[in-house]
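Trainee: Structure of the sequence below:
(one chain, ligands or ions: 2)
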Amino acid sequence: MIRAQGLGRDFRRGPETVHALAAVDLEVAEGEFVAVAGRSGSGKSTLLHLLGCLDRPTAGQLFLDGQDALRLTERQRVGLRRRLVGFVFQSFHLIEHLTAVENVVVPLRYAGTADRRRRAEEALARVGLSARLHHLPAELSGGEAQRVSVARALVGRPRLLLADEPTGELDSMTADELGGLLGEVHRGGTTIVVASHDEALLARAGRVVKLSDGRLAQA
Ligand code: ADP
Ligand code: MG
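Mentor: Ligands and ions are numbered 1, 2, ... in the order given. Okay, here's the model as predicted:
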């Protein structure tokens, strides 16, 4: 599903260059559940953004589902991302003036999918939120908001789910429920890469790799 070789990402910050990620080699097979651990600032978000084609590396190679992601045109890369990848962010990134079901419809509208409303409702049912379809994000608990964002990530039936500290803003009980949901998604056949330093969530992964100062080691 994923083959990254020598992946690097430098950021310019004024006169300095920040090496957020350096020489990362990572392979993830279809159906794996891999966790990326590492303290704050170690490069987890940078790595997930690169894997999800939300950002471009400054070094290295990246193959996604057998395609050379960095040699595609921008348009092809956006197409690959929409087909293959769902993304869950730490702070949910829901659109505040849209209801739960309207938020979940958004990616289907970009993809031009038919029958969007029904598919969004099904995705919300899958995460246990059938009773919250018409709530705004501000009317949801943190755990519910994160489940809406999982439904939004899954509604396009991606084969790869990338989740960046998805339990980072949840209390431990709610975090555990979200971990359980990710476990179910994985058992349903979706490949998962999750960045986290939540021990309970790391324990659910089949494999944990560790980033420190932008470099990867098998944990
Ligand atoms: P983590 O998600 O593990 O907390 P990040 O990937 O966010 O780590 O950041 C890794 C390093 O890259 C940090 O030193 C961070 O300050 C730096 N960094 C991340 N994004 C940018 C950016 N857009 N511009 C400059 N530096 C950045
Ligand atoms: Mg981060």
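Trainee: Have a look at the chain and report its longest helix.
Mentor: helix 172-187 (DSSP state H).
Trainee: for the record, mean pLDDT for that one?
Mentor: In this model, helix 172-187 carries a mean pLDDT of 95.
Trainee: cool, stretch 43-63 as well?
Mentor: Mean predicted confidence for stretch 43-63 is 97.
Trainee: Name the surrounding residues that touch that stretch.
Mentor: 2-10, 20-24, 26, 36-38, 64, 68-70, 77-78, 80-81, 85, 87, 162-165, 193, 195-196, 211, 213-214 (C-beta atoms under 8 Å, 6 or more residues apart in numbering). From N, CA and C alone the C-beta is placed, and that goes for glycine too.
Trainee: Can you report how many residues lie near residue 3?
Mentor: Residue 3: 18 surrounding residues under other C-beta atoms under 10 Å.
Trainee: Buried residues in the longest helix of the chain, which are they?
Mentor: For helix 172-187, burial by neighbour count (16 or more other C-beta atoms under 10 Å) applies to 174-176, 178-179, 181-182, 185-186.
Trainee: For residue 109, report the pLDDT, please.
Mentor: Predicted confidence (pLDDT) for residue 109: 88.
Trainee: mind listing which of the contacts of stretch 43-63 are in helices?
Mentor: Checking those against DSSP H, those in helices are 77-78, 80-81.
Trainee: Quick check: residue 209 touching residue 42?
Mentor: No. Counting by C-beta atoms under 8 Å, residue 209 does not reach residue 42; the two are 11.2 Å apart.
Trainee: So which bits of the protein are right by ligand 2?
Mentor: Of all the residues in the chain, those in contact range of ligand 2 (C-beta under 5 Å from the ion) are 44-45.
Trainee: residues near the residue nearest to residue 7 when sequence neighbours are not counted, how many?
Mentor: Nearest non-adjacent residue to residue 7, counting by C-beta to C-beta, 6 or more residues apart in numbering: residue 60, 3.8 Å away. The local packing of residue 60 (other C-beta under 10 Å) involves 18 other residues.
Trainee: roughly how far apart are residue 60 and residue 68?
Mentor: Using C-beta to C-beta, to the nearest Å, we find residue 60 at a distance of 12 Å from residue 68.
Trainee: Over to residue 21?
Mentor: 19 Å.
Trainee: More neighbours: these two, which one.
Mentor: residue 21 (30 against 11).
Trainee: Can you give me the distance of the more buried one to ligand 2?
Mentor: 12 Å (C-beta to the ion, to the nearest Å).
Trainee: That residue contacts residue 8, doesn't it?
Mentor: Yes. Between residue 21 and residue 8 there is a contact at 5.6 Å, judged by C-beta under 8 Å.
Trainee: Just want the residue of the protein that's nearest ligand 2.
Mentor: Nearest residue of the chain to ligand 2, counting by C-beta to the ion: residue 45, 3.2 Å away.
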